[in-house]
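Colleague: Any chance you can model this:
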Amino acid sequence: MASKSAALLLSVLNLVLYFIVLVIASWAVNHAIQRTRETASVLSTPAHLFPVYFPMGNMATGFFIIFALIAGVVGFTTSLTGLHNISKWNASNLYAAAMSSMTTWALTLLAMGFACKEIQLGWTDSNLRTLEIITIIVSGTQLLNTGVIHVGVSEIISYRDGRV
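Modeller: Here you go, the predicted model:
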């Protein structure tokens, strides 16, 4: 049952981290939408046609912010439902938690890839740097959470089949 307490702890940690990602990414999208009209009007045609121009950061910022926002929403929801599924601790709930955890980890890895590209290109402000770091950290904690949930599934299956 040690995996149950570890899964609960990691789910609560991920809930907090994904909420922070969600808040910062939402702020960045709102900031970009408000400043697009004044900033993008002086740009050349390819950048002028992009619907959401990010006045801060570099050319990877737009993709990173959008995927971080998607990963934040899915991750927050997965962590919230995962807390319920882990508290039940039976095979059907753990299967659901394992699948949603894998999906969230894949989306978080996609956002992490854009965060790494944005770090490589440079020229980001402190808010984006914070979002990059938290996205990289939450990709690791989500991997640990996914692994612990899968260990819990194998424990439940071995206990159910009598192979303790």
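Colleague: From residue 6, how far out is residue 111?
Modeller: Distance, residue 111 to residue 6, using C-beta to C-beta, to the nearest Å: 24 Å. (Each C-beta comes from the backbone N, C-alpha and C, glycine too.)
Colleague: actually residue 138, not the one I typed
Modeller: 17 Å.
Colleague: Please apply the same query to residue 54.
Modeller: Separation of residue 54 from residue 6 (C-beta to C-beta): 38 Å.
Colleague: ok, and the closest non-adjacent residue to residue 117?
Modeller: Take residue 117 and drop its neighbours on the chain: the residue closest to it by C-beta to C-beta, 6 or more residues apart in numbering is residue 60, 4.6 Å away.
Colleague: which one is residue 22 nearest to, not counting chain neighbours?
Modeller: Residue 22's closest residue in space is residue 72 (C-beta to C-beta, 6+ apart), at 3.6 Å.
Colleague: Could you give me the buried positions within whichever helix or strand that neighbour is part of?
Modeller: Residue 72 belongs to helix 61-88 when assigned by DSSP states H and E. By neighbour count with 16 or more other C-beta atoms under 10 Å, helix 61-88 contains the buried residues 61-76, 78-79, 81-83, 85-86.
Colleague: Report the buried residues of the strand or helix carrying residue 99.
Modeller: Using DSSP H and E, residue 99 sits in helix 91-121. Using 16+ other C-beta under 10 Å as the test for burial, helix 91-121 gives 93-94, 96-98, 100-101, 104-105, 107-108, 110-115, 117-119.
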